[in-house]
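Undergrad: would you be able to build a 3D model of this:
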Amino acid sequence: MLAYLTVRNFALVANLELHFAEGLTVITGESGAGKSILLDALGLVLGQRASKTQIRPNAQECEVCAEFDLRNAPHSRNLLESKNLSDADDPNRCVVRRVASADGRSRAWVNASPVSLGVLRELCSSMVAIHDQFAQQQLLGATTQLDWFDDFVAQPKLRQIVKSRFHDWKLRSNQLKSESARIEAALERRELLQYQIDELDEFQLEEHEFEELSARYRRLNQTQTILATVGQAIDSLEENLSTGIGRTRSELDRVDDSSRELDSARELLDGVEVGLDESIRQLRAYAEALTSDEDSLEEVSARLDRVHDLARKHRVPSSDLYAKTIELREELATVNEGENQLNTLQGEVESAREAFLERAEQLSKHRARAAKPFTNAVMTRLGEIGMRQAKFEVTFGEGRGENGLEHVDFAVSANSRYDAGPLKAIASGGELSRISLAILVVVASNSNLPCLILDEADIGVGGTTADEVGRMLRRLAAHTQVVCVTHAPQVAALGDAHLQVLKTREQDVAACKLTPDERVEEIARMVAGHRVNAESRKYASVLLEEAQEFNQVQTS
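TA: Next up is the predicted model:
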């Protein structure tokens, strides 16, 4: 339940600290006193969007802090624990703090640990719910009707599983759709790929063969020029160098001297002569090889032409044709593998669909079983608040999605003589308020929500009906903390605690807990307006006495 609310520099609130107790707490005050400001402040710690207009004039930031008692809220305790946000000293205590700055930034903490707004909303939605006129309008939407009905069905884990499995099914379906388009396009290329690979395999191009063919072609294409050059080199070596060295060697041999330098020169000339002979031999071997390869020039040229043709066909440089062959083989392997993958994905999609349907059908059964008790409970509550002739029905329509296999429509008629129709087409403003309140009380009575805050839920009702609204809220408060902003004195009298919101002389919003005597004065003001007199005070006292008797009966 909500235990404390501290507000600083929020709108017209300078500093305010409120203590809340179990049961029914009513908040009253004159129109324009600022009752809605308190709910706006609480909305800030619940994760609603912050606005610079919420910051008190001349202040740099506003701060709202709420403390919750989780002794009767195991779901909230478990949620805090799962996110490592529990208070180590007291796991039943949760302090939520939100600060909004004038520069547009805001920060949030849970038990002194910084959290994102998404985490803040998730945590606080399990601890408190605010119901205002906007929520009444939301009830006209099918999604809200289903949400409220499911709160009564009380299968939150099952609904979460259904939602998770639906998204898993859709995710896999989208993957299948994406992969199918890609793979089907690839399968259309498979025949062409196979033809291209067969053509390349038949050619049997080897790695680096293009470079080797190119070098060989250049050599063969220059054979005559090379042979002439080599022949001239051989002739020159034989006629000039070889003959000259031989003659020089003979002349040196006739020199009769035992000089060491002369002997060394003779040996060097011998080596040169041997080297020249070997060079001539190698050149002749090279020339003979060129002569024997002359007939293969046409063959090499033809194979190079084929390489160029295939390279142009595949739009790659001739040097990349071998790599292209490997690429095409890998692509074909991917296509063949993709076909198997497609079959696997189809199986996964079907399994995900069946898993979703299995749990969605379970949820549908729970909903079907809950429809009659829910309808009866709402009808009872409507009768209590002055709509005894009303009809209320829950109808299901096909609507497969993250919420299951159906959508829910609330049908209503204010007069039992007429058929029930869609809520948004039948209910007037005042009727919508009462219908919304009746449904909310039924839902809250069947849920584990620790705290429910109502903003003028009794709008449009008065007299006996207002008294019944108050009694209904008082019964609800027996197991759910209820904080109710009200303009009805009958409702205000039934509160276990009574807070009054007022403006100070400085036009600041303030709030205080009323004493019994102060409650008489405030309820008398609610009865008579500014003309409070003995009669209105007497009526206020009667309302409080009757409320006390009712409360005693409820607690006995």
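
Undergrad: mind checking how far the lengthiest helix in the chain is from the chain centre?
TA: Ranked by residue count, the top helix of the chain under DSSP state H comes out as helix 321-384. Centroid separation between helix 321-384 and its chain, computed with C-alpha atoms, centre = their mean, to the nearest Å, is 18 Å.

Undergrad: and what of stretch 50-61?
TA: For stretch 50-61, the separation from the chain centroid amounts to 31 Å (computed by C-alpha atoms, centre = their mean).

Undergrad: may I have it exported as CSV, CA atoms only?
TA: Extracted in CSV, the C-alpha atoms of stretch 50-61 (Å, rounded to 0.1, in the frame of the first residue of the first chain):
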residue,chain,number,x,y,z
ALA,A,50,7.7,14.9,-16.8
SER,A,51,7.0,18.4,-17.9
LYS,A,52,8.9,21.7,-17.2
THR,A,53,5.5,23.2,-16.4
GLN,A,54,5.3,20.9,-13.3
ILE,A,55,8.2,22.7,-11.7
ARG,A,56,7.4,25.4,-9.2
PRO,A,57,8.1,28.9,-10.5
ASN,A,58,11.7,30.1,-9.7
ALA,A,59,12.7,26.5,-8.8
GLN,A,60,15.3,24.5,-10.7
GLU,A,61,13.8,21.1,-10.1
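
Undergrad: how about residues contacting it?
TA: Applying C-beta atoms under 8 Å, 6 or more residues apart in numbering, the contact partners of stretch 50-61 are 9-14, 40, 44, 62, 98-102, 104, 106. The way it works is simple: take the backbone N, C-alpha and C, and place the C-beta from them, glycine included.

Undergrad: how about stretch 501-516?
TA: Stretch 501-516 is contacted from outside by 11-14, 16, 18-19, 27-30, 32-35, 37-38, 497-500, 522, 544, using C-beta under 8 Å, 6+ apart.

Undergrad: using neighbour counts, pick out the buried residues of it.
TA: Along stretch 501-516, these residues count as buried under the neighbour rule (16 or more other C-beta atoms under 10 Å): 501-502, 508-511, 514.

Undergrad: what do you get for stretch 176-184?
TA: 176, 179, 183.

Undergrad: any idea how far that stretch is from the middle of the chain?
TA: The chain centroid and the centroid of stretch 176-184 are separated by 24 Å under C-alpha atoms, centre = their mean.

Undergrad: what about residue 189, how many neighbours?
TA: By the measure other C-beta atoms under 10 Å, the count of residues near residue 189 is 14.

Undergrad: hmm, I typed the wrong one, I wanted residue 477.
TA: 23.

Undergrad: and for the one 5 residues further on?
TA: Per other C-beta under 10 Å, the neighbour tally for residue 482 reads 26.

Undergrad: and residue 418, by the same measure?
TA: Counted by other C-beta under 10 Å, the residues lying close to residue 418 total 11.

Undergrad: so residue 104: helix, strand or coil?
TA: coil (DSSP: H, G, I helix; E, B strand; the rest coil).

Undergrad: let me redo that: residue 44
TA: Per three-state DSSP, the secondary structure class of residue 44 is helix.

Undergrad: what's near enough to touch it?
TA: 10, 50, 54, 62, 64, 98, 100.

Undergrad: could you do residue 550 as well?
TA: 471, 474, 494.

Undergrad: and the residue lying closest to the last one once chain neighbours are set aside, what element?
TA: For residue 494, the nearest residue in space outside its immediate sequence neighbours is residue 470; the separation is 4.0 Å by C-beta to C-beta, 6 or more residues apart in numbering. Here residue 470 sits within helix 463-476, counting by DSSP states H and E.

Undergrad: that helix vs helix 321-384, what angle?
TA: On the basis of axes from the mean of the first three to the mean of the last three C-alpha atoms, to 10 degrees, helix 463-476 is oriented at 120 degrees to helix 321-384.

Undergrad: tell me which stretches of the stretch 401-550 of the chain form strands.
TA: Secondary structure of the stretch 401-550 of the chain (DSSP state E, counting those that start in this stretch): strands at 404-413, 421-422, 451-455, 481-485, 497-503, 509-513.

Undergrad: any idea which of those strands is most buried?
TA: strand 481-485 (a mean of 26; mean count of other C-beta atoms under 10 Å).

Undergrad: name the helices or strands packed onto it?
TA: strand 24-28, helix 35-45, strand 451-455, helix 463-476 (3 or more C-beta pairs under 8 Å, 6 or more residues apart in numbering; DSSP states H and E).

Undergrad: let's have these in JSON lines, adding mean pLDDT.
TA: As requested, the helices and strands packed on strand 481-485 are exported to JSON lines (pLDDT from 0 to 100):
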{"stretch": "strand 24-28", "mean pLDDT": "92"}
{"stretch": "helix 35-45", "mean pLDDT": "86"}
{"stretch": "strand 451-455", "mean pLDDT": "86"}
{"stretch": "helix 463-476", "mean pLDDT": "83"}
